[in-house]
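Visitor: the following block contains a protein sequence and its predicted model.
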Amino acid sequence: MPGGRLTQQERRRIALGLAEGLPYAEIARGLDRPTSTVTREVMRNGGPTAYRAELAHHATQHRARRRRKVAPPEPQAHGRDAEAVREYEEMFATVFVQSGLPKMTARVLACLTVTDTGSLTAAELARRLETSPASISKAIAILESLSHVRRERDERRRERYVVDNDVFYQSMMASARTTAHLVEIARQGVGVLGPDTPAATRLENIARFLDSVSRSIARAADEARDLLHSET
């Protein structure tokens, strides 16, 4: 099985496989590479719908040059591979970007999520992500508005940003509340447009669909919440 970085030709074959709708595992077999290598490559370079071989190749070269100029990554606990952790964190952030988060906000959330403590100070985040405290502050404000993080003070009175195990539960419940509000607004439109009109019928059907989905998501999230606190 070949090792090392992906070649430009391999990236073109990945792009072709994605265009044909092939799963990552099948693309990986064609390259004689681990599925994780293909998954990581695609997710850190725009995802399956936005992946472009040439752009991915240039981005990888740019990251390699940039890393040679910065200090080596901090030692990792539990014998982890620091480079592998950094690449995984980038891939995780890409998934958050695809869900709608701004890039820096996604990077902050990913960075917090992959730490064992689940909490970092603004200075620690700025150092790890090589960005300014102002960028961290803006990202945290967005994450707080989405109930993704909270603030607390440590024993040295420093403000720390915390991502709880419940972060995805809170996110799904916030989404359910937003959808419930949309249901309410849609049903108000039925009265405005007249109950027997095509537009009102469309709005009522939308409201019924969203209401059913929203309630199902909230119920499923409540039933599965304990999984977020299980010990592995």
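Guide: Ah, there it is. Numbering: from 1, shown residues only.
Visitor: when you work out contacts or count neighbours from here on, use the C-alpha atoms and nothing else.
Guide: Fine.
Visitor: outline the domain layout of this protein.
Guide: Following automatic domain parsing, one finds the domains of the chain at 8-69, 77-162, 167-229.
Visitor: spatially central residue for this structure, please.
Guide: residue 96 (1.9 Å; CA atoms, centre = their mean).
Visitor: from memory that one sits against residue 104, does it?
Guide: No: assessed by CA atoms under 8 Å, residue 96 is found out of contact with residue 104, at 10.2 Å.
Visitor: show me where pLDDT drops low in this protein?
Guide: Across the chain, the ranges flagged by pLDDT under 70 are 1-3, 62-77, 232.
Visitor: helices of that one, start to end?
Guide: Assigned by DSSP state H, the helices in the chain fall at 8-19, 24-31, 35-43, 53-69, 82-98, 103-113, 122-129, 133-145, 167-193, 198-224.
Visitor: make JSON lines from these and add distance to residue 153 to it.
Guide: Shown next, in JSON lines, are the helices of the chain (distance: least, CA to CA, whole Å):
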{"stretch": "helix 8-19", "distance to residue 153": "46"}
{"stretch": "helix 24-31", "distance to residue 153": "43"}
{"stretch": "helix 35-43", "distance to residue 153": "35"}
{"stretch": "helix 53-69", "distance to residue 153": "33"}
{"stretch": "helix 82-98", "distance to residue 153": "25"}
{"stretch": "helix 103-113", "distance to residue 153": "16"}
{"stretch": "helix 122-129", "distance to residue 153": "12"}
{"stretch": "helix 133-145", "distance to residue 153": "15"}
{"stretch": "helix 167-193", "distance to residue 153": "19"}
{"stretch": "helix 198-224", "distance to residue 153": "29"}
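Visitor: ranking the ones you listed by burial, who's on top?
Guide: Mean neighbour count (mean count of other CA atoms under 10 Å) peaks for helix 103-113 among the helices of the chain, with a mean of 21.
Visitor: circling back: show me what contacts the residue nearest to the centre of the chain?
Guide: By CA atoms under 8 Å, 6 or more residues apart in numbering, the contact list for residue 96 reads 106, 110.
Visitor: adjust the sequence numbering to begin at 847 for everything that follows.
Guide: Got it, the first residue is 847 from now on, which makes the last one we talked about residue 942.
Visitor: and it, how far from residue 858?
Guide: Between residue 942 and residue 858 the computed distance is 25 Å (CA to CA, to the nearest Å).
Visitor: and residue 987, by the same measure?
Guide: Residue 987 sits at a distance of 39 Å from residue 858 (criterion: CA to CA).
Visitor: repeat that for residue 1055.
Guide: Per CA to CA, residue 1055 is found 41 Å from residue 858.
Visitor: what does residue 1059 give?
Guide: Using CA to CA, one obtains 39 Å as the distance from residue 1059 to residue 858.
Visitor: what do you get for residue 929?
Guide: Distance of residue 929 to residue 858, given as CA to CA: 24 Å.
Visitor: residues contacting residue 995?
Guide: Contacts of residue 995 by CA under 8 Å, 6+ apart are 986, 989, 1007, 1008, 1009, 1010, 1013.
Visitor: run the last query once more with 7 Å
Guide: By CA atoms under 7 Å, 6 or more residues apart in numbering, residue 995 lies in contact with 989, 1007, 1008, 1009.
Visitor: can you put those in TSV and add distance to residue 873?
Guide: TSV is the format used below for the contacts of residue 995 (distance: CA to CA, whole Å):
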residue	distance to residue 873
989	35
1007	39
1008	38
1009	35
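Visitor: which one of those residues is nearest to residue 876?
Guide: Nearest to residue 876 out of the contacts of residue 995 is residue 1009 (CA to CA; 38.9 Å).
Visitor: chain neighbours aside, what residue packs nearest to the closest one?
Guide: Distance criterion CA to CA, 6 or more residues apart in numbering; nearest residue to residue 1009, sequence neighbours excluded, is residue 995 at 4.8 Å.
Visitor: nothing else from me, thank you.
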